[in-house]
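Chemist: model the following, please.
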Amino acid sequence: MKSQQLQDTALRYFLEVVRCGSISEASQRLNVASSAISRQISSLEETLDTVLFERRPRGMVLSAGGEMLAAHARKMALEADRVVADLQALKGLRSGRVRLSASEGFAIDFLPRLINAFQKKYPGFVFQLFVGAPAVVSRQVREGNADIGLTFARLPEPEIKVVHRQPGPIALVMRNDHPLARFRHVSLGQLKPYPLALPDPTTTLRQLFDIACSRQQMVIEPVMTSNYIQSLHNYVLDNDALSITGDVTVRYRIERGELTMRPIRDCPSDGRFVEVQTLAGRTLPRSVEIFLDYLVAELSKDL
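Modeler: Reported below is the predicted structural model:
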């Protein structure tokens, strides 16, 4: 049984137009004539007595009424997915599908290893992993494109349930024989003699670091910046440069003896949090719940 069979045709076509932004593209993805999709949307607008889309030259944009219907339709589609998944689980939990959305720091080592370990216990499970900025991760969950979001957050997100939350403090990362590696903790003042390789200013990691430096009246001039944190961590392996990180991001590289991490005394420990997110009000399929419990248990382990 496919979950689409449990969904109203008009709402299914409507949601596809929302995702694609045009009837023509939705037609190609659904393999349905554009005229049939147009008729279903017109029927919805007539039944609800409201305009669902604003037709613009560059595509179709939801109206206020359309936004409300889209939120309802997404929840109906997710509920259909859950029912089908749970019916299959009654035959024995041999398979499942989990859609993840995560910040880059979790996608480098942590999630691939976690998924691999989980699949050894449940070999029939398949995973889809989307990697994006924190706001995009939450949006993927909110719009029903991901079952679970794993990200660093500073502020609450609307329509998001935080299943698990733990501090995500900033730490310094360096090569193992770096002069600062001999200290258990490092202050911002100790960083001054060394070049810095830092994440893009749009990241929560960099924002908190900049705030801490500003409070110490330190001017930061990195020798390298990147929106790809693994490039920064590889860069510091061959020189005296320092970078910043969260513990989950480099957990396995430290275990392998590739890098050294040290806490930064002057950086706030409560300004950024690791969050496991789901859609508020949604009942997750049993298969997703099992992986969710596994994920939270692994996150809670000490480095």
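Chemist: do you have the helices of the stretch 151-300 of the chain handy? List them.
Modeler: 204-215, 229-235, 247-255, 286-299 (DSSP state H, counting those that start in this stretch).
Chemist: ok so Ala10 is a helix residue?
Modeler: Yes: counting by DSSP: H, G, I helix; E, B strand; the rest coil, Ala10 falls inside a helix.
Chemist: for it, give me its contacts.
Modeler: Counting by C-beta atoms under 8 Å, 6 or more residues apart in numbering, Ala10 touches Gln40, Ile41, Ser43, Leu44. Every residue, glycine included, has its C-beta placed from N, CA and C.
Chemist: can we see that at 6 Å?
Modeler: By C-beta atoms under 6 Å, 6 or more residues apart in numbering, the contact list for Ala10 reads Gln40, Leu44.
Chemist: ok, back up a step: to Val18, which of the helices of the stretch 151-300 of the chain lies closest?
Modeler: Nearest of these to Val18, taken as C-beta to C-beta: helix 286-299 at 22.9 Å.
Chemist: re earlier: the helices of the stretch 151-300 of the chain: which one's closest to Arg74?
Modeler: The closest of those to Arg74 is helix 286-299. By C-beta to C-beta, the value is 15.8 Å.
Chemist: kindly export that closest one (C-alpha atoms) in PDB.
Modeler: Taking C-alpha atoms only, helix 286-299 is exported to PDB below (Å, rounded to 0.1, in the frame of the first residue of the first chain):
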ATOM      1  CA  ARG A 286       7.000   3.800  14.900                       C
ATOM      2  CA  SER A 287      10.100   3.200  12.700                       C
ATOM      3  CA  VAL A 288      11.100   6.900  13.000                       C
ATOM      4  CA  GLU A 289      10.500   6.800  16.700                       C
ATOM      5  CA  ILE A 290      12.900   3.900  17.100                       C
ATOM      6  CA  PHE A 291      15.700   5.800  15.300                       C
ATOM      7  CA  LEU A 292      14.800   9.000  17.200                       C
ATOM      8  CA  ASP A 293      15.400   7.200  20.500                       C
ATOM      9  CA  TYR A 294      18.700   5.800  19.200                       C
ATOM     10  CA  LEU A 295      19.800   9.300  18.000                       C
ATOM     11  CA  VAL A 296      19.100  11.000  21.400                       C
ATOM     12  CA  ALA A 297      20.900   8.200  23.300                       C
ATOM     13  CA  GLU A 298      24.000   8.600  21.100                       C
ATOM     14  CA  LEU A 299      24.000  12.500  21.400                       C
END
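Chemist: tell me what angle it forms with helix 247-255.
Modeler: Counting by axes from the mean of the first three to the mean of the last three C-alpha atoms, to 10 degrees, helix 286-299 points 60 degrees away from the direction of helix 247-255.
Chemist: tell me the buried residues in helix 286-299?
Modeler: Ser287, Val288, Glu289, Ile290, Phe291, Leu292, Tyr294, Leu295, Glu298, Leu299 (16 or more other C-beta atoms under 10 Å).
Chemist: quick check: the fourth one vs Leu11, distance?
Modeler: The reference is to Ile290. 29 Å (C-beta to C-beta, to the nearest Å).
Chemist: again, but for the third one
Modeler: Counting by C-beta to C-beta, the gap between Glu289 and Leu11 amounts to 26 Å.
Chemist: coming back round to it: tell me which of the helices of the stretch 151-300 of the chain sits nearest to Val98.
Modeler: helix 286-299 (5.0 Å).
Chemist: for that closest one, the averaged confidence score.
Modeler: Helix 286-299 comes out with an average pLDDT of 91.
Chemist: what sits up against that helix?
Modeler: Under the contact criterion C-beta under 6 Å, 6+ apart, helix 286-299 has outside partners Ala85, Asp86, Ala89, Gly96, Val98, Leu114, Phe118, Asp147, Ile148, His164.
Chemist: quick check: domain ranges of this structure?
Modeler: 1-78, 91-165+271-302, 168-261 (the TED database).
Chemist: distance of Thr225 relative to Asp177?
Modeler: 25 Å.
Chemist: so which helix or strand takes in the closest residue to Val126 other than its chain neighbours?
Modeler: Distance criterion C-beta to C-beta, 6 or more residues apart in numbering; nearest residue to Val126, sequence neighbours excluded, is Arg97 at 5.3 Å. For Arg97, the element it lies in under DSSP states H and E is strand 95-102.
Chemist: what of Val137?
Modeler: Going by DSSP H and E, Val137 is part of helix 134-142.
Chemist: okay, that helix in CSV with CA atoms only?
Modeler: Taking Å, rounded to 0.1, in the frame of the first residue of the first chain, the C-alpha atoms of helix 134-142 are listed here in CSV:
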residue,chain,number,x,y,z
PRO,A,134,19.9,25.7,10.8
ALA,A,135,17.0,27.7,9.6
VAL,A,136,16.7,25.5,6.5
VAL,A,137,16.8,22.4,8.7
SER,A,138,13.9,23.6,10.7
ARG,A,139,12.0,24.6,7.6
GLN,A,140,12.4,21.1,6.1
VAL,A,141,10.8,19.7,9.3
ARG,A,142,8.1,22.3,9.3
